[in-house]
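>>> prediction below, plus the sequence it came from.
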Amino acid sequence: MSNSVDLNADMGESFGPWQMGDDAALLQIVTSANIACGFHAGDPDVMAATMRGAISNDVGIGAHPGFADLQNFGRRRMSLPQDQLQNMIRYQMGAAMGMARGLGGRVRHFKLHGGLSNMASEDADLARSCYEAALLVDPDIIIMVLASTAQERAARDLGCTWAGEIFADRAYNDDATLVDRSLPGAVIHDPELAGRRILEMVQEGSIITAGGKRIPASIDTICLHGDTAEAVAIARAVRENLVSGGVALAQFQGRR
């Protein structure tokens, strides 16, 4: 069982006057924030406001790049040549790092979003291309990976600093990838169920799949999605279950 675990949430996903999630409330609960870089969601003003909130709450800032797919929130799968993919990553990393530095903060981790993340969880070569692009911008960045997937294999092969992530509100397939959102039960909406389930996973050091399989996993951080109606309630339930279960909350430091 882990002595401590990080709580992260995807944030900064509003756009202009369109509000997505309650970032201010989540920043009171989490220890790390994955902030959209403008391609799948977010804009410069939203990014700045979210980063200011993270800095004032001592929440770790992460770059959260995805496909240029505002209409579908970055969840469509796209096929790009490697050079375009890596330029897309570098571009978004640069935006996040520049904004954070200008506000007196820093980007400490990197996490792929949506369709790009799902593809990279199945394809180690794709994951490696994305991570190499990020590491060329900042060799010290901590790569957040979907635990026990091709993402983790790619990070291990690169020898970079990484942190293993599991999801509080998503169901798992037996290969540690996420159940497709279009399928029943893919997204967990019950805060108490999410809280109990995460404590059990952390205590066992395993991902528990929809079919009941246990997959040993390096659990450094737990994702609390910010774009559902019950996001804040799930975040609170997960935090309360972990604390009552004797698990401390702290920003991940990464592993190699």
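Looks like it came in fine.
>>> distance of R90 from A133?
Distance, R90 to A133, by Cβ to Cβ, to the nearest Å: 5 Å. No exception for glycine: its C-beta is placed from N, CA and C like everyone else's.
>>> the more surrounded of those two?
With neighbours defined as other Cβ atoms under 10 Å, R90 and A133 compare such that A133 has more, 22 against 15.
>>> off-centre distance for the helix or strand hosting the more buried one?
Taking DSSP states H and E as the definition, one finds A133 inside helix 124-137. Averaged C-alpha coordinates place helix 124-137 at 16 Å from its chain's average position (Cα atoms, centre = their mean, to the nearest Å).
>>> same question for stretch 141-155.
The chain centre lies 11 Å from the centre of stretch 141-155; the measure is Cα atoms, centre = their mean.
>>> when you give positions from now on, start the count at 48
Let's use 48 as the start, then, which means that last one is stretch 188-202.
>>> what are the buried residues along that stretch?
Of all the residues in stretch 188-202, those buried under the rule 16 or more other Cβ atoms under 10 Å are 188-199, 201-202.
>>> ok, now stretch 134-141?
Buried residues in stretch 134-141, counted by 16+ other Cβ under 10 Å: 135-136, 138-140.
>>> among those, which lie within helices?
135-136, 138-140 (DSSP state H).
>>> burial of N119, as a residue count?
Applying other Cβ under 10 Å, we find 11 residues neighbouring N119.
>>> again but with I266, I slipped
By other Cβ under 10 Å, 25 other residues sit near I266.
>>> swap in A276?
Using other Cβ under 10 Å as the criterion, A276 is surrounded by 10 other residues.
>>> hmm, back to that, give the other helices and strands that the helix holding A180 contacts.
Packing partners of helix 171-184 (3 or more Cβ pairs under 8 Å, 6 or more residues apart in numbering; DSSP states H and E): helix 129-149, helix 161-169, strand 189-193, helix 197-205.
>>> out of these, nearest to I255?
Evaluated over these, closeness to I255 peaks at strand 189-193, with 14.9 Å, by Cβ to Cβ.
>>> what lines up beside that closest one in the sheet?
Applying DSSP bridges, strand 189-193 is found paired with strand 154-157 (parallel), strand 209-214 (parallel).
>>> of those, which is nearest M248?
strand 209-214 (6.0 Å).
>>> quick one: average confidence on the closest one?
Regarding strand 209-214, the rounded mean pLDDT is 97.
>>> and it, what's buried?
Neighbour-count burial for strand 209-214 flags 209-214 (criterion: 16+ other Cβ under 10 Å).
>>> was I right about A101 contacting M94?
No. With contact defined as Cβ atoms under 8 Å, A101 does not count as touching M94 (10.5 Å).
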